[in-house]
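> Here you go, sequence then predicted model.
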Amino acid sequence: MKGGDASMIEDVVDQISHASSARRQPTSSAILVVDDDRLIRASLGATLSRWGYSVDVAVHGVDALGRLSQRAYDVILTDLQMPLMDGVSLWRRALVAGHPGTWILMTGSLGLGIECDVPILRKPFRLIELRSALEGAVVGSLSRLHHRAAGEP
C-alpha cells in the first residue's frame, strides 16, 4: 500500500470511529466484508460491528465464496480489485450459485467502466456515504425476503 493510501484510509477510519459513537442503529443484518487490505477489513469490520451489524470478513473472492456457501448475508461489501478473484467476478459467481444478498462494490480506481448493476463506493469514502449505501442495501434485502416469503418473484 502506498503512503498516501494509508493516510487516506486512516482518515476514513477516524471519520468512522468518531461518527459511529454518535449514531448507532442496532440491527441483526449480516454483512460480509471482502477486501485484501487487512487495515480496511479490520476497520470496516469493527465499525460495522459497533453499528450493530453481524459482520464476517473475507480476504479475497475465493474466501468469500466459501463463506457465502456457509451463511446467507444481507449485504456483501466487496473490494473491486483483489488477487485470485476480483469483486465483479465474485458478484457474478455468487449470483450464478444463487447466493442471496445485496452487493456494494468498493474501489479506489477511477474510470473502470464496470458493467454491473451494483452500487459503487469510491475509496476513500465518507462515513455518510457508507451508511447511506448500507441502509439502502439492507432495506432492499429485507424487501426481497418479504417478497420471497409471500411467494412473489
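Perfect, I can see it now. Residues are numbered from 1 along each chain as shown.
> quick one: the helices in the chain?
Counting by DSSP state H, residue ranges of the helices within the chain are 3-22, 38-50, 61-70, 87-96, 127-149.
> which stretch in those helices is the model least sure about?
When mean pLDDT is averaged over each of the helices of the chain, helix 3-22 scores lowest at a mean of 52.
> Now do the contacts for residue 105.
In this structure, residue 105 makes contact with 78-80, 87-88, 91, 114, 116, 118-121, judged by C-beta atoms under 8 Å, 6 or more residues apart in numbering. (Each C-beta comes from the backbone N, C-alpha and C, glycine too.)
> Please check those residues and keep the buried ones.
78-80, 87-88, 91, 118-121 (16 or more other C-beta atoms under 10 Å).
> Reformat those residues into TSV and put distance to residue 127 next to each item.
As requested, the buried ones among the contacts of residue 105 are exported to TSV (distance: C-beta to C-beta, whole Å):
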residue	distance to residue 127
78	19
79	18
80	20
87	21
88	25
91	24
118	21
119	16
120	17
121	11
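> which one in those is the model shakiest on?
Of all the buried ones among the contacts of residue 105, the one the model is least sure of by pLDDT is residue 118, with 80.
> For that one, give me its contacts.
For residue 118, counting by C-beta under 8 Å, 6+ apart, the contacting residues are 91, 103-105.
> which of these lies closest to residue 47?
residue 104 (14.4 Å; C-beta to C-beta).
> so what's that closest one bridging to?
On the basis of DSSP bridges, residue 104 is bridged to residue 77.
> Check what pLDDT it gets.
Residue 104 is assigned 93 on the pLDDT scale.
> Can you tell me which of the buried ones among the contacts of residue 105 is nearest residue 64?
The shortest approach to residue 64 among these belongs to residue 78, at 6.8 Å (C-beta to C-beta).
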